[in-house]
Structure formats: structure tokens, C-alpha cells
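Undergrad: Next come a sequence and a model predicted from it.
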Amino acid sequence: MVNPDLGQEERLLRPIESPTRAFTIFISVLFVLSAWGFVAWMAQLRRGLAATGMNVPIYWGLYITNFVFFIGISHAGTLISAILRLAHAEWRRSITRAAEVITVLVLFFGMGSILLDLGRPDRVLNVILHGNFHSPLLWDVVSVSCYLTASTVYLFLPLIPDIAILRDRQGPHAAFYRLLALGWTGTARQQHLLEKTISMMAVLVIPVAVSVHTVVSWVFAMTVQPMWHSTIFGPYFVVGAIFSGIGAIIIGMALIRRAYHLEEYLKPIHFNNLGLLLLVMCLLWFYFTFAEFLTTYYGADPSHMTVFLSKTEGEFSHLFWTMFVACFLIPFVLLANNRTRWTVWGTVTASVSVEIGMWLERYLIVVPSLSRPRLPMEAAKYSPSWVEWSLFLAFASAFVLLYALFTRFFPIISIWEIREGRAHSAREVSARVESYLPAAEEPAQ
Amino acid sequence: MKMERRRFMGLVLGATSGAAVGLSAGHLLARTFATADSPYDPPGGVEALRLSVCSLCPGGCGVQVRCIGGRPVKVGGNPRHPVSGGRLCPKGLAALQSLYHPDRIPAPMRRKGDRGSLASFERRTWEEAFAEIGGSLRSIREKGKPESVVLLRGGALGLGARVGSRFLSAFGSPNEVRLDRGDEAAALATSLTQGVKAVPVYDLSATDYVLSLGSGLLEASGSPVATARAFGEFRQVRTGRRGKFVQVESRLSMTGAAADEWIAVNPGTEGVFALGIASVLVNEDLYDRDFLASHAVGFDSVHGTDGEPAMGLRALLGREFNLERVALETGVSVNVILRVARELHAARASLVVGPRRGPLLPGSLFDHLAAQALNALIGNIDKEGGVLVAEETPIPPWAPLAAKGRGADGRRRPRLDSVGKHPLPFACSDPEALAEAMLSRKPYPVEVLLLQDADPLVFTATPSRFGQALERIPLVVAISAFPSETALASDWILPEAHFLERWDLHTTPPGISFPLASVAKPVLEQPLVDARSAVDIFLELARRVGGEVASAFPAGDAPALIRHDLDGIFAAQRGAVMGTTFDEAWVRMMEGAGWWAPGYRTAEELWQGALDSGGWWDPFYDHGEWARVLKTPSGRFDLRPGLLKELAQAPGRPGSDDRKVVPDLPLLLFEPLSIAGGFGAELPFLPALLDPGHEERWETWAEIHPETAKIHGIKDKGWVRVRSTAGSVVVRCLVTWRVVPGAVAIPVGLGKRGGGRWARYMGANPFRLLGGERDSRSGLPDFQATRVRLEAAQGPEMGPGALAAWRGAGLSSRDLQNTQVFRS
Amino acid sequence: MARWGMVIDLDRCTACQACVVACQVENNIPPASADAAARGRALAWIRLVPFGKEGKEAGGEPPALRLIPVPCMHCEHPPCTKVCPVQATQVGDDGLVAQVYARCIGCRYCTTACPYTVRQFNWDRPVFPEPMERGLSPDVSVRPRGVVEKCSFCHHRLQLAKDQARLEGRPLQDGDYVPACVESCPPGAMAFGDLDDPRSTVSRLAQSHRAFRLLEELGTHPKVVYLSKGEWGGES
Ligand SMILES: Nc1nc2c(c(=O)[nH]1)N[C@H]1C(S)=C(S)[C@@H](COP(=O)(O)OP(=O)(O)OC[C@H]3O[C@@H](n4cnc5c(=O)[nH]c(N)nc54)[C@H](O)[C@@H]3O)O[C@H]1N2
Ligand SMILES: Nc1nc2c(c(=O)[nH]1)N[C@H]1C(S)=C(S)[C@@H](COP(=O)(O)OP(=O)(O)OC[C@H]3O[C@@H](n4cnc5c(=O)[nH]c(N)nc54)[C@H](O)[C@@H]3O)O[C@H]1N2
Ligand code: SF4
Ligand code: SF4
Ligand code: SF4
Ligand code: SF4
Ligand code: SF4
Ligand SMILES: [Mo]
């Protein structure tokens, strides 16, 4: 029987057991914003995609940008948490769940963006009825579904002991928790099984996660279009995805810490460590971007160059250089500096900047290539309509809304893992560190 | 077995891919039109191909209409027709959009309120229309003032035009004024040099070098499809050698784009360029001595009997058109002029094509004369691959009108426009002078203005003067299929039947050498709206007037009139029904022996054959019939050096002044094929085409060279106000190398305030920039005398956005007409 | 099996755009409005693509403007069909790249994958103001809003020709069917037929030294062949 008395960890249940008024207001605002998206969606259903700003040849716009962006964010959670778990990074204990929830929830909005983009959403089942496995879009459907399933399982497994805690405290919704707890009693056998499955899932989920954004990149790279048809796109997208994903975790953590006063659990060290990871991704992002643009520039294929120039000095240049500043300069300066990286505001500022920059990067991948087709075309301009902006806003709000609701019903910091950490990890870590070192000198024989 | 499988697979594919195409058509259509005004009712019944003649331009293409259960569903070319040969231009292909146009005038309309909008008209019956209009015509005639009835004719063609003219003459008015002056200067030049007033025919397909002096040959020639077909042959079939096409013009037109070389000249100097070529040919002794010696006058200077020296062309060229001067004036290097002259001579059969838009430009009579002279120098007159004179269709003229009586008296009264008067000896039709006469009521007031297919509020050099003049005329009657701007300002609109709804007979279109008569029988038995053909309208009016007017026609209805003409053709004992294939040598031999094998033996057989095939034609051209093609008093080709000299010195002719620094720029107007000749913007497929070299669609633009843009501080794609002394228009500015520095080029054809939902308020009408300037001798509007300035502007005055804004401001279209934006 | 292909002789083409309108009326393409055109949403299955050369680009040559009519190339290796997630566009066994309007989900992946930008999307419901729908061809469906369409090489004409040939008990051959644009081209710049039949006009023309294909380097193997401008005095 699990002890329902949690001692220090009691405060982790406070958002669930005694929600505040501020929380209710926050939720309501998000709900209104999401409902506005519903209005916009109705408008789009009535008028079709004519309600958007898309045209010939800019057939794709905000929706596809958001698809890539949201799927990118999803790399935060599951992937990072899996890597940290496998690496036995002990500081992970208070952040993994917050990260994993991001993944599961944001994936819905990634897929939702594709649905919004369909001219005939009523026929979406054709993807199953008449699926064409040559199409990278179908690969996407498959790999995102796998990822969603795996991530959900991976989120759920470590949640079981915590759900059992909630069940045992006999608060409201006990029946709901009883159902989800799957009869968890915390026996050694269960504990062992759980830990084994979690590590197995952690191994499994990494290739799936990598495949997801690789396949997303292939939606573009498998065409012959200028500045899309690039072998580097797979890793480039994965790096970008992790980059924006870590940013999202940092922002999410800061919000939780602030809202639920979890300063004890989410310490500057957590921000520093994630900040370091973000810095690595930032440098990798720069490396890939540089490699991509330099190769294009030296190849100087005219059709690629028109797209290249439209980004570096043409109509997209202001967005391009904003992206560069936001994705590289700002995070680099903030994160390379010990003083700022050790602060919450420093890493959060860097992360917000990264999110903006990465969204722009996605936009700048989708739109400029389309606006400069190989055969000269009317240089139509794309400016997203109110419907597209509304739906973007609504998707973002709905994501935060669902995230907030999650924290309302489940502990956003894994209680049992923290307790386990308190109980065993100091010992385990020192044993492990010892095992790294050469054995203490034996007296000569 | 394998084959069976394949076939089966084919069927399966048909059910999936082509699929939707056949089987689910009904379903999809039903679904598509679920919320449309009316459910779509698919055609059913027997499929048939019916023949007609396109009347959307003077081109005279035979068309073939696919009908299902009597409903036309596609217009294509009649493959047996010698003009179209089964092909059509975009306008002809879009003809069903005019037949099924939602804004066709539904029935006779009488104005009850303000001018300018269909809302102020009310529906009447034809009987009411004929009673009122016929009644006032009759009383005017009885009062002895038949000359106060004016017929202003636009693009009307075929039998309708002939019946209209005949009606007016018989009625007793000399005032038939035409708007369609596109070919007048060319015809004038032929008349002055060859004594035949006819549009020159260029034998394009049989030549292998074309020097085109700014002609819109491939955009807006007299018969665009026939010209395009000839161009195809010129490229590689007839001569066995690929021809070269050199285009000399100030703005790279679509013709220039299709050409092999574009020689950019200073605006208005094509004729000078031609004479520069001529002087090289003379200097280098590359001209056709034999032709000049035997068939021309005016080459060498002569001393007249009265001792007055008359300068010959040779001397004129030497004195006025030496290479350096020509190079300076045209802006073309001496080397290029020399090369082109030598190429022209070296070609096996070369041809100089005159500027077809001549009448509307200064010096353009000069340009045409120069082209004629150059063709004569290279011995190109009436030669294969040269300049021909069309043989007329042997339709006997209708019996002459009575030489005495009310009609004859009226016809002898002076015309209201300037035609035939001093100082414009060559004027042929002058609507701008007509507008002035209507305004001043001198020499006599106009009582009735009949508008046949004419939109003078859009397509004259002085549209606003016309607008004022209309208000002074007691009865204005517009025969028009669409609510054109002028129709909306009339008292009566009589809807004309669509060309697929009427009988018609078209003779040889401009630009074709051989005689033909295309016969059109109504494709639809009943017009879709309560409309009648112009022929029926005029015949009925003639009946109402009665007397000699009623009896002026050889028959009482359109089919009988056509039959009458065909009987005349039968009597000429030549030619054949269309579609007959000929072996020229064989037919010539037979004809030489007095035989003739037309494929019909009786007039009835000709009539049936013509209805079944599209008409009658006689394909052979006899070259060198000098008596027919040279009808000058001397019987020779007159090079007209004196007139050339005079015109070259006429005031306003573009000189070599450095336009790059002068703020006022010459205006170059051009017509994109799809909206050429005034009609086209009405049909929504056509304003979507315009000039394929640009992205501008559904709007009017102005082209300027990057240097000009820099000097005037104008940005590419920005809005500019183009201002002349007469008015201004706001258009989008395109900065392009396609126009020479120091000039502004604007397309004509949009900017109407009528014409139905698509044409209305789309683009701008550059004719509003023209003043009353005239060519010194022909009296035709002098386009290039118009100089314009450019100013950056805020936004369009027309177009959907602007219209919505005006509507939002609660303005009616009448208010719009009175607002400054339109007056300017 | 015939390999249907088109040859467009740029030497003869006068850029008249008759092909554009011929296609629109043949295939029930709804008329655009000024507004749709301004938004870049007007539909056309064949369009004229301008290539202007001037100054530096022309490399010392005098400035020139070339206009190239571009229908669907019916590529033998079409980049568009591979990417469609629902097999709504595929190469039929007659070699034409077909479009299944009733299945297309409107994702517009094919439109972005086509390097020739010839695919069109129905942004709006097609509107034919009364009584314009009377002029619609009963052989071709009107596409609903939200699906992609493109030049079909006048597939319905092929179906008719197949029926005819079957009726006459003979195999389908060159010349049995001609698309609407080819039929209407005034200067005769377009030819259509079986590229595999050595006696056909198109196969003869495709051998010409003037022949080239658009974006050949992409390996799409277009079945639309262009003939470049010739030389004065040269052979056809
Ligand atoms: N200053 C100046 N004036 C010009 C010109 C110029 O260049 N400069 N060009 C001149 C030339 S060359 C021409 S041809 C004219 C063209 O100008 P107009 O003679 O005025 O002819 P459109 O505008 O072609 O046709 C007049 C109206 O006829 C209607 N219409 C169309 N089909 C039919 C039909 O079958 N029956 C009837 N009754 N009506 C029909 C249309 O609504 C159209 O608005 O303009 C002339 N005027
Ligand atoms: N498709 C179609 N074709 C038509 C008609 C139609 O309705 N539809 N209408 C017919 C009729 S009524 C007419 S009148 C004719 C009109 O046809 P055209 O008389 O051929 O008129 P544009 O098309 O204006 O061609 C005139 C050319 O002259 C050039 N140009 C401009 N300024 C000057 C200059 O100063 N000097 C010289 N030499 N050239 C200059 C222009 O750039 C242009 O290339 O078209 C006929 N053809
Ligand atoms: S050229 Fe003139 S007559 Fe011929 S199809 Fe075109 S508009 Fe009709
Ligand atoms: S119809 Fe023929 S000539 Fe006209 S644009 Fe098309 S291909 Fe060129
Ligand atoms: S041209 Fe474009 S749409 Fe046509 S087959 Fe090739 S890739 Fe597909
Ligand atoms: S838009 Fe239609 S045809 Fe194109 S890829 Fe998507 S489903 Fe396939
Ligand atoms: S082949 Fe048919 S569908 Fe294709 S462009 Fe020509 S007319 Fe249109
Ligand atoms: Mo005209």
C-alpha cells in the first residue's frame, strides 16, 4: 500500500486539490481564444480555402508552417526525457513529465494543422482507403501516429504511480483515478515491471521521434523544388525540432514554477542544464543553416539562387535576418554567458527568441520556395488572412489550455520519481561515480 | 486474353481517373450548383455541328458550333472555311460567353429616368419601339428633313451593316458616320498610290522576309486568324525556307515578340525608317528598275509642262532621307539600317508591311505611303509574296435608289462631319467632327441618332464631347446587344440578336486576297432573349417609314436578301462552295478552256451547298492584272514624292528632339488581341489574357522604360496618373525595357462604364487622354500629337476595389459619371 | 500502346492565347473575376510563361521576349503523382497523368511538387452566372471546390476516340484524337499524336535539332516537346 502521506511532496498536489481563482480565469481566457478559432474554422468551412491568403503558386502557407513547427515542438518532451532517462541524468526527475505532456498535446495540433490545410477535409479518410505509400505525406501520417501512440504510452507509464497516489487520497474524481491507476499497488514486482517498460519505451521512442521530423522534412526534400530538395533536410529538421522543443520545455517549466510556486523543484540548475542543451542545439542549428546556405550559394543553380536571394536580400530578407538573430545571436549570447544561463529569465528569454526564430525558419522554408517557382510565375504575394492567424492563435491557446488542464488533474512533476530520487539516487550516483574511477590502489604484491 | 485484361484495366481507369469526367458529372454538377441561382439542367438530345460566322471582329472566321439538343455548347473553327481553317482566336472561342452573357439586353428598353444605368430603363415590346421610332422617323421625313437622322456605326459587319447603310441612304440622309476607322489610312495610301481604295493585302505566307513597320499583324490585323495561319506557313511551309520577320516599333508588341528581330525606333519614326531603307536601296542600286520603269511614276524628277519642277522620289530620298539623318531621327544605327536594306534585297521574296494602326497616329498616312513606296521600290506590287489588292466578291449591287424625291434631296445635303470638306481632302469618316456639329447644331440640328453597334462614349477621341452631344438630341436609339456605355445614355436600346441567332452574309474580310461569301444561318432558332437582328430592325423601320424606303430592298427578310446575293454569285459563274479542294493547275487549265466546275449546277444547289459548307469562295488570285490594281489616272503606281515631302514636314510630326529630357512624353496606344477592336472586355475569359508578357490582368497599365521611370520618379507597379491637356487616367505603371525611353505605352480596350458586369469599371480608357488633334490631310485623330505627363497616384479609379468604395459612399453610377474622376 | 505527346513550335507560336481559351471552354473552367485574378487564383490549364531577355541577361544580344505555352507535361516520371497521399493523381495506362477529382483531398502536395506549376486548385466554388452554365460541355465534369485539377490532355477526347476505334474494330492510332488547344491554334504551332509512331508528325518533329523539353535536367521526361526558334533560311 502506498503511503498517502507525501511529506515534502504535498505541495505538488496543491494545483489538483485546491485550484486557485487565477487558474479558472486563465482557463476561461484560453477557452475564449480557442472558441474564436472555432469561429474562424466555421468561416473556412463555409468559404473553403478561399478564406485563406494562399494562392497560385503559394499553395502552402501558415497551416503547413504550423504543422512543421508544432511537430517540431513535440520533440521536446518525449525525446529529451528519453535521452535523459537513458543517460541516468538525475536532474531530469522534476522535468520529464512537464516535457512529455508537451509532446503528446502538441502533436494533435500538428496533425490538426494538416487537417485545416485540406481543401476537402470531408475526405480525409481517403488517406486510409486509398493510401499511397510513395507519398511522404503518408509516411508522416504513419510516423506521427506511431509517435503519438508511443509518446502517450511513455507519458502514461510513469504517471501510474502518481495516479495511484491520487486514488488513495480519496479526493474528487477518485473513480476516474482508480480506472487509470490500473490497480497499481507499488509492489516490488510492479515497480520492477514499470521501470523495465519505461526504459524499453525510452529506447523505442528515440528512433520514432527522430523519424518523425525526418519524415516531415522529407515532405519538402522529396520534391525537386529549389531549396527544398536537399539531403541535409532530415537532420536539419531534427536539430531544429529539438532546438525549438527544448525552448518549449524551458518556457513551460518557467510558467509552472511561477504559477505553482515550485521554485524548490525547478531550480536554476535545471534551467542551466537545459540551457546548455539549448546552446548545443543553437550551435548545431547554426552549423546546419550555414552548411545549407553555403552549399546553395556555391552551387549557384539559378532556380535555387532566386529563392536564396529572396531570403537573404529580397522580399523575405527582414524575416530571414530576424530569424537569424532570434535563432542564433540572442540565444547564443544569453546561453554562452554563465551569468545569464544560470538565471531563469536568461534561459526563458533565449527560449522565447528561439521559438519565434524557429517559427520564422519554418515559414521561410515553406513560403519562399513556393513563391519562386522554376518557371516564372506571377509574383503573387502571400499574406495570411485573419482566418489563418485566428486559427494559429487558437491552436496555440488550445494547446496551453489543454496543458493547464493536465496540471489540474495530474501532478506535473513526477511525485514518485522525486521520492525515489530522494530515497536512492544520492547513493546510486556516488556508487556510479565510484565505478567510473580506477579502483583504489591495492598494495603491491 | 492479355488484351482483354488491358481493355478491362482501361475501363477501370476510366471509372476512376476519367471517372469523374463521365459518370459522376451529374452528381458533381448537382452538388456544385446546389446553391447557385438555378439548378443546372444538362443538355440532352441529338448532337449536331452547325455553321455560322463569327462577328466579334471583322475577321470573318467561319465557325462550327457543337449543339446538343439544339443547345450550343462549344464554338470552334469551321474546318472547311478558308479564313479560319478550323481555328479561332481567343475571342471567337469565347463567343458562347457573349451568347450566354448574363447582362445581355433582354428586350427593347425605353429610358424613363436618368441616363447611365439600366435601372432607369423599362421594358417595352418591339411593337411599341417600332411605333415610336418609326413614327418619329416618318414624321421627320415628311417634314422634309431626312438629313437630320444620323447613323453612327461601330464594328457592325455583314448584312446588318449593308442594310443599315441602305436604309439611311434611302431615307435620305448623307450622315452615315463610321467609328471603325482602323483600316482607313492604309486604304487611303493604296488609293493615293494605286487609285484603288482598298486595304492592302499582304501575301505573308509566300514571302521569306518581312519588314514590319510597327504593324500589329499578329495581334490585331484585319483578320487575325487568317493572318496567324499565314504566319505559320511563312515560318516554314510555302517557300520551303524559314522566313525572317523584322519588327520596327517603339514598343515591343506581341508581334515583335514573335519576330526574329526587334528594331526599337523613336516613337513615330517607322515611316522615316522605311524611307531610310529606301535610300540605301537606291544608293546601292538594289531596287527593281523594271517595275519602276514599266509601272510607276514619281521616281525621277520631272519638269511639268508648266515648267514647275516636281521632285522625284530618288531626289527626295537623297535630300531628305540620307542615312545619317534617318539614323538620328529613328535612333537606329546606320549599320542596322544598311543590314536590313541588304537583307531585304537578298531575300527571295521580301515584303514590307505597313503600320495598320496608321489612321490614329501622326505621320501615319506618311508611314503607309512610305511602306507603299518601299514595296514599289522592291517591285512588290501585285506580286506573289507582295502587296495585293483583294478581288471583290461578285455580288451585284442592289438597284440604284431613285435619283429624285425626298431621299435624293436629303442625300445631297452637306454632311455633318468634315468628310469631303476643306482642309481635309482625304477625310473618310469623322465622328469627332460629328460630335461638334451635334453640339453646335450647325449646319442643322440632329433629330435622331441611330447607333449601330457603336460605343462613341468609349471609342472616340473626344468621348466627353459625345456625352454632351447626346443630351441635345431628341431621340437616341442604340442597337446593341450589351448595356454599353453609350446604350445606357440612349433613349431606346434595341437588343440585337447574337450572331448565333441570326442570318448573315459576310464578304471578304480585310487582308484576304480572294473573294468569298460566308453564309450564316441561325444556330439557335429563337434568340435567348427578346432580341432581333439589325437587318430585321432596319427592314421593319423601313416598312414603318414606307414609300421608297420600304421598297429600297430587293427582298423582305434576311434569308431572302442573302439568297438574292447568292443568286448574283451564281450568275458570275466562278468559284465553288467552301471545302472543295482544288488542283490549281487543273482548274486554271479548265477555266482557260472555258470550263468551270463549281460542284453546283443551279442557284438552289449553290444555296444549299453554301449553307452546308459555310459559304462560297474563289481561291485563285491572278497576279499582274494591272488594270485592276493600278487605277491611277496614269495607270501607273504613283510614288507620291510630293505628298511624302509635305507630310514629312507637317507640324507635330515627331522629330529627333531628345525625349529623355522633355517632360511631356508621346503616348503609344496598342490593342491586346483579346480585347482588340473595342469588344472583348465584356467576356470574362478575355480580360484574363491581355498581354501575356506581363502579369497585369483585368486592369489597364502604362509601360515606361526604366530610364523614364528614373527621371520621373515612378516606381514599378505603382499607380500613376497619366495626364494630357485633354484629361487624365490612373493606371498601374510597369517599368519595362519593352518600350523605348521617353514614351508611354497604354493598352486600349478596357475602362468602360458599360458592357456588363465584367467590363464595367475595369481598367481605364486612355482615349480620354486624346484631344481633338487631327492628321493634317486625312482628318483622322492624331494619336501621337498627344503628349502626356506622369505623376505618382494613390490608387485606381476603376476596378472592383474602387467600385466597392464608391458604392459604399452611396453613389449611383450616375453620380459616378458626374464625379471629377470620370470627367478628368 | 500509343505514347501521346505534344509538340509546340515556338517559331510559329504568336502568343495569341487561343489555346488558353480553347482549353477553358473545352474543359468547363469557370471564368475568373478581377478579384480572383488579383489574388492569383484564376484557373487555367495552360498558360503562357514569359521569358524576357535584356541587357546583361541577353549577353550582348538585342532584347527579346519569348512566350512559352505550358500545359501539363504529362511527365513520364512525374514528381506529382508520387507525392499524392491518396492516389488521386496517377499515371493511367494510356500514359496520361490523370486526376481523380472525386478522391482528391485538396492537400495541394502535388501542386507544390510539380516543377512546372501547372496544377490548379479550386479555391472557390465554380460560378457560372445564369445562363452561362448552358454553355458547359457535358463531356467534362465541373470540379467542386477544394480539389486540384490540371490539363488532362483532353482525356475525354481520348475516351471518345477509344470508343470509336473499338467500334471500328481497329487499334487506336496517331491522329485519332487531338486536344482542344491543338485543334484551335491559329498558326498551327501545336501538334499532337503518338510519339512512338515513327510516321507521326510529333515523332518526326521531336527528332528535330530544334527540339527541347522544359526543365529536362530534372529527369521528369516531359511528353510536351518544344521547338525553339529557327534560323532565317533554315529548314523546318
Ligand atoms: N479615338 C479613337 N476612336 C476609335 C478608335 C481609336 O483607335 N481611337 N478605334 C476605332 C475603331 S478602329 C473601332 S473598330 C471602333 C470600335 O468601337 P465601336 O465601334 O464603338 O465598337 P465596339 O466597342 O466593338 O462595339 C460597340 C458595342 O457593341 C456591342 N455589341 C457586341 N456585339 C454586338 C452585336 O452583335 N450587335 C450589336 N448591336 N451590338 C453588339 C457591345 O456591347 C459594344 O459595347 O472604335 C473606333 N474609335
Ligand atoms: N482579334 C481582333 N482583331 C481585330 C479586331 C478585333 O476586334 N479583334 N478589330 C479589327 C479592327 S476594327 C481594327 S481597326 C484593327 C486595328 O488593328 P491595328 O490597326 O493593327 O491596331 P493595333 O493593334 O493598335 O496595332 C498598332 C501597332 O502600332 C504600334 N504603334 C503605336 N504607335 C505607333 C506609331 O506611332 N507608329 C507606328 N507605325 N506604329 C505605332 C503599336 O505598338 C501596335 O503594335 O484590328 C482588327 N483586328
Ligand atoms: S479573328 Fe475575329 S472573326 Fe475570327 S474568331 Fe477571332 S474575333 Fe472572331
Ligand atoms: S494557340 Fe498556338 S499560337 Fe496561340 S499561344 Fe497557343 S500555341 Fe501559341
Ligand atoms: S507537368 Fe507537373 S503536373 Fe504534369 S505530370 Fe509533370 S509534374 Fe505532374
Ligand atoms: S491535392 Fe489532391 S491530387 Fe494533389 S496530392 Fe493532394 S490529394 Fe493528391
Ligand atoms: S490538352 Fe486539353 S486539357 Fe490540356 S491544355 Fe490542351 S485543351 Fe487543355
Ligand atoms: Mo476598327
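TA: Structure received. Ligands and ions are numbered 1, 2, ... in the order given.
Undergrad: Need the residue closest to the centroid of chain C.
TA: For chain C, the residue whose C-alpha lies nearest the mean C-alpha position (CA atoms, centre = their mean) is residue C:71; its distance is 2.5 Å.
Undergrad: Relative to residue A:221, how far out is it?
TA: Residue C:71 sits 28 Å away from residue A:221, going by CB to CB, to the nearest Å. All C-beta spots, glycine's among them, are computed from the backbone N, C-alpha and C.
Undergrad: give me the number of residues near residue A:59?
TA: Burial measure for residue A:59: 26 neighbouring residues, criterion other CB atoms under 10 Å in any protein chain shown.
Undergrad: right, I mislabeled it, should have said residue B:171
TA: Residues near residue B:171, counting by other CB under 10 Å: 28.
Undergrad: Contacts only, for it.
TA: Contacts for residue B:171 (CB atoms under 8 Å, 6 or more residues apart in numbering or on different chains) come out as B:137, B:141, B:146, B:149, B:407, B:410, B:542, B:545, B:549.
Undergrad: Give me the nearest residue to whatever residue of the stretch 1-150 of chain A ends up closest to chain C, chain neighbours excluded.
TA: Using CB to the nearest CB, the closest approach of the stretch 1-150 of chain A to chain C is made by residue A:119 at 1.9 Å. Distances taken as CB to CB, 6 or more residues apart in numbering or on different chains put residue C:106 closest to residue A:119, at 1.9 Å, once the chain neighbours are dropped.
Undergrad: follow-up on the earlier one: dihedrals phi and psi, the residue nearest to the centre of chain C?
TA: Here is the backbone geometry of residue C:71 (degrees, to the nearest 10): phi -90, psi -170.
Undergrad: Verify the stated contact: it with residue C:151.
TA: Yes. Assessed by CB atoms under 8 Å, residue C:71 is found in contact with residue C:151 at 4.1 Å.
Undergrad: quick one: common contacting residues for those two?
TA: Both residue C:71 and residue C:151 are in contact with C:23, C:45-46, C:118, where contact means CB under 8 Å, 6+ apart.
Undergrad: What residues does the residue in the stretch 101-250 of chain A that ligand 4 sits nearest to make contact with?
TA: Proximity of the stretch 101-250 of chain A to ligand 4 (CB to the nearest ligand atom) peaks at residue A:224, 25.9 Å away. Each residue near residue A:224 by CB under 8 Å, 6+ apart is listed here: C:79, C:113, C:115, C:218, C:220.
Undergrad: redo that, cut-off 7 Å
TA: When the contact criterion is CB atoms under 7 Å, 6 or more residues apart in numbering or on different chains, the partners of residue A:224 are C:79, C:115, C:218.
Undergrad: same for ligand 5: which of these are within range?
TA: The subset of these within reach of ligand 5, by CB under 6 Å from any ligand atom, is residue C:79.
Undergrad: Most neighbours among the contacts of residue A:224, please name it.
TA: For the contacts of residue A:224, the largest number of neighbours (other CB under 10 Å) sits with residue C:115, at 25 neighbours.
Undergrad: do you know how far that residue is from residue A:378?
TA: Taken as CB to CB, the spacing of residue C:115 relative to residue A:378 amounts to 17 Å.
Undergrad: What's the first helix or strand after the longest helix anywhere in chain A?
TA: Taking DSSP state H as the criterion, chain A has its longest helix at helix A:188-221. Past helix A:188-221, further along toward the C-terminus, the next helix or strand under DSSP states H and E is helix A:233-260.
Undergrad: Give me the residue ranges of the chain where confidence is low.
TA: Because you didn't say which chain, this covers chain A. A:1-7, A:379-380, A:441-445 (pLDDT under 70).
Undergrad: I was thinking of chain C, sorry if that wasn't clear
TA: Confidence mapping of chain C against pLDDT under 70 gives the ranges C:55-60, C:232-236.
Undergrad: The closest residue to residue A:198 other than its chain neighbours: what's it in contact with?
TA: The spatial neighbour of residue A:198 that comes closest, neighbours along the chain excluded (CB to CB, 6+ apart), is residue A:157 at 5.2 Å. Contacts for residue A:157 (CB under 7 Å, 6+ apart) come out as A:194, A:197-198, A:201.
Undergrad: Same check on residue B:483?
TA: The contact partners of residue B:483, taken as CB under 7 Å, 6+ apart, are B:103, B:105, B:118, B:754-756.
Undergrad: Following the chain onward from whichever strand or helix holds residue A:163, which element is next?
TA: Assignment of secondary structure by DSSP H and E places residue A:163 within helix A:160-168. Per DSSP H and E, helix A:160-168 leads on to helix A:174-181 as the next helix or strand towards the C-terminus.
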